[in-house]
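> no sequence for this one, just the structure:
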Ligand SMILES: O=P(O)(O)OC[C@H]1O[C@H](OP(=O)(O)OP(=O)(O)O)[C@H](O)[C@@H]1O
Ligand SMILES: O=c1cc[nH]c(=O)[nH]1
């Protein structure tokens, strides 16, 4: 939840639009504090020139709070709309705002009310020179809103400036980021967008476990997850999109291997400061689901040895090692452990324990996974703090049968067509 405050015509909207356009692969919604203007009564309408639109009381902050709380819970909401010509609120329910990863609340007074501030994870104040703001306001109100210059200046002197000094400017001290010159400040916008990307990439569990890595989700990745999770998806499509996701997980996981530096000469005779991949590698797949990840690993690491582990057990009855065939020199290799589903973590504990018993250092194991339940993450990341867990999405929970929820059902049955 990001709040963008600042005086009239400071460039808040430009800043918001720049942030939104640079976050092009994220779900972002923009909520305007202006939508929450209260309707003027017939009395106030008769004397509209005496009405202070820049005072906190002009807004229905209770309604704004409840809408923001709903969005914060990840639910859709309908906000009111405000008609600037009639000065009437077109009641709640007129504008649908969908849930999103990022909600930007923009308005002159969004940092004024403590309750609103407490909902915001990032507070931005757009700080633009007051002469420039007045010049912009005159232009906007005369050109876009059909007012005459004298009327704009009277309103500015009587209400806009005093309210800025009394309510808006003092709220600047609550800002985490102050942007001088508004939308012209490309560096500030760039830093804000980078910060948002970092925060979005951090699942709460990543803040607890430094050995957990969830790779950054884009619409493409979200789309692939939507397809493999959809019960209507055919086996053929399931395999296609699971393979695409698996390839990404494998590439991302390989990025966590050590490398050595190597300078090479290009055909232009220039030096290229390169790196060399880690050579002592192997894969280990957990039968059956893990076998679906073998092709992607082979496609990325030519000639890689891949061992196999079969672990059996009913969901609630613990798990037992049935079969294993691993490279004989596995203890001197980095091991990419392959299993697309981490549920209770029982299978992964069995698999990792076997690798450790074969002399593989814990820090040499990278567990590559598509969908993980928080329960399994707690078990693995706590028990094996030096092992790295790479996953593409963390789901909500497990059901009583230890199935991942929302999950994608039985992975191996859908992948190998045995459902
Ligand atoms: O974290 P856990 O609770 O142990 O569950 C995860 C395990 O369950 C799945 O295998 P499954 O037993 O369904 O076998 P399959 O791959 O042969 O279908 C999955 O591939 C994991 O190995
Ligand atoms: O939900 C689950 C749990 C374990 N294995 C699966 O394939 N799916």
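Nice, thanks for sending it over. Note that this is a predicted model, so its numbers are computed, not measured. Ligands and ions are numbered 1, 2, ... in the order given.

> just to confirm, which helix or strand has the closest residue to residue 348 other than its chain neighbours in it?
By the measure of Cβ to Cβ, 6 or more residues apart in numbering, the closest residue to residue 348 outside its immediate chain neighbours is residue 380, 5.2 Å from it. Heads up, the C-betas are built off the backbone N, CA and C, glycines and all. In this structure, residue 380 is located in helix 374-383 according to DSSP states H and E.

> Does ligand 2 have contacts with the helix or strand that comes right after that helix?
Following helix 374-383 in sequence order, the next helix or strand is strand 388-391 (DSSP H and E). No: for strand 388-391 and ligand 2, the contact criterion (Cβ under 6 Å from any ligand atom) is not met; the two come no nearer than 13.6 Å.

> Sheet partners, orientation included, of the next helix or strand after strand 388-391?
Along the chain past strand 388-391, the next helix or strand (assigned with DSSP H and E) turns out to be strand 393-394. Take DSSP bridges as the rule and strand 393-394 pairs in its sheet with strand 371-372 (parallel).

> Enumerate the beta-bridge partners assigned to residue 393.
On the basis of DSSP bridges, residue 393 takes part in beta bridges with residue 371.

> Could you check how far residue 413 is from ligand 2?
Taking Cβ to the nearest ligand atom, to the nearest Å as the measure, residue 413 falls 8 Å from ligand 2.

> about what we covered before: is the helix holding residue 380 up against ligand 2 anywhere?
No: Helix 374-383 does not reach ligand 2 (Cβ under 6 Å from any ligand atom); its nearest approach is 9.1 Å.

> check whether that helix contacts ligand 1.
Yes: Helix 374-383 lies in contact with ligand 1 when judged by Cβ under 6 Å from any ligand atom; the contacting residues are residue 376.

> just to revisit the earlier point, these two touch, right, the residue nearest to residue 348 and residue 346?
No: between residue 380 and residue 346 no contact is recorded; they are 10.2 Å apart, counting by Cβ atoms under 8 Å.

> out of these two, which sits in the more crowded spot?
Taking neighbours as other Cβ atoms under 10 Å, residue 380 and residue 346 compare with residue 380 leading, 24 against 20.

> contacting residues for that one?
With contact set as Cβ atoms under 8 Å, 6 or more residues apart in numbering, residue 380 has these partners: 342, 345, 348, 349, 352, 367, 387, 389.

> what does residue 142 give?
With Cβ under 8 Å, 6+ apart, residue 142 has these contacts: 148, 149, 152.

> pretty sure the second one is touching residue 140, no?
No: proximity of residue 149 to residue 140 does not meet the contact threshold set by Cβ under 8 Å, at 11.9 Å.
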